[in-house]
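Enquirer: Everything below, folded, please.
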Amino acid sequence: MASSWRQLVCLRSGLWILIFYYVYSHLKVVLAEDVDSCENLRLGQYLCKDPKIDEATQEPENCREKTAWVECLPAPNISCRFSNGTEFRFSGDEVGFNKTITCRNVSGYSYKVAVALSLFLGWLGADRFYLGYPALGLLKFCTVGFCGIGTLIDFILIAMQVSPSVM
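Expert: The predicted structure is shown next:
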């Protein structure tokens, strides 16, 4: 009976040693990782603020050449390296980096006006004239909006801001 008790205690202590070794080796790998650049943080390690939207164009206010910048805040206790090489541990309230997002540069045209023209006068090509495509506008005018199919397609594209002039 005593020998089986000793075997059980020895087996349990050996099991605990294996568990400890596994946890220790895993923590050693995790803690030994180099601090990565702030731009290379994974999703969940940072939160980006919503961009300020321009009411007229429905695009971010700082949209230039199809890109805009938003401020991102790393999560608390995340360490990362800035572009100048300094390492910083964040508390969750500081802006860590700016992330680029894509935007559709509307070249100063009003999104609301373009949608309204496409909805009501799209069959005459007024939307394309307004957006700076007189050749397409004239073609739509002569074909009565490509028999209605072009008008529908243009309305959907302009509403989704996928039209060539709205991109």
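Enquirer: Can I get the longest strand along the chain as PDB, trimmed to CA atoms?
Expert: Longest strand in the chain by number of residues, with DSSP state E as the criterion: strand 67-74. Listed next in PDB are the C-alpha coordinates belonging to strand 67-74 (Å, rounded to 0.1, in the frame of the first residue of the first chain):
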ATOM      1  CA  THR A  67      -6.100  58.300 -48.300                       C
ATOM      2  CA  ALA A  68      -6.900  59.800 -44.900                       C
ATOM      3  CA  TRP A  69      -5.300  59.500 -41.400                       C
ATOM      4  CA  VAL A  70      -7.000  58.500 -38.200                       C
ATOM      5  CA  GLU A  71      -5.500  58.500 -34.700                       C
ATOM      6  CA  CYS A  72      -5.100  55.100 -33.100                       C
ATOM      7  CA  LEU A  73      -4.800  54.400 -29.400                       C
ATOM      8  CA  PRO A  74      -2.900  51.200 -28.300                       C
END
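Enquirer: List the buried residues in that strand.
Expert: Residues 68, 69, 70, 72, 73, 74 are the ones in strand 67-74 that count as buried (16 or more other Cβ atoms under 10 Å). Heads up, the C-betas are built off the backbone N, CA and C, glycines and all.
Enquirer: before we move on, what about stretch 118-130?
Expert: 118, 121, 122, 123, 124, 125, 126, 127, 128, 129, 130.
Enquirer: End to end on that stretch, go ahead and measure it.
Expert: Start and end residues of stretch 118-130 are separated by 10 Å (Cα to Cα, to the nearest Å).
Enquirer: All set, thanks.
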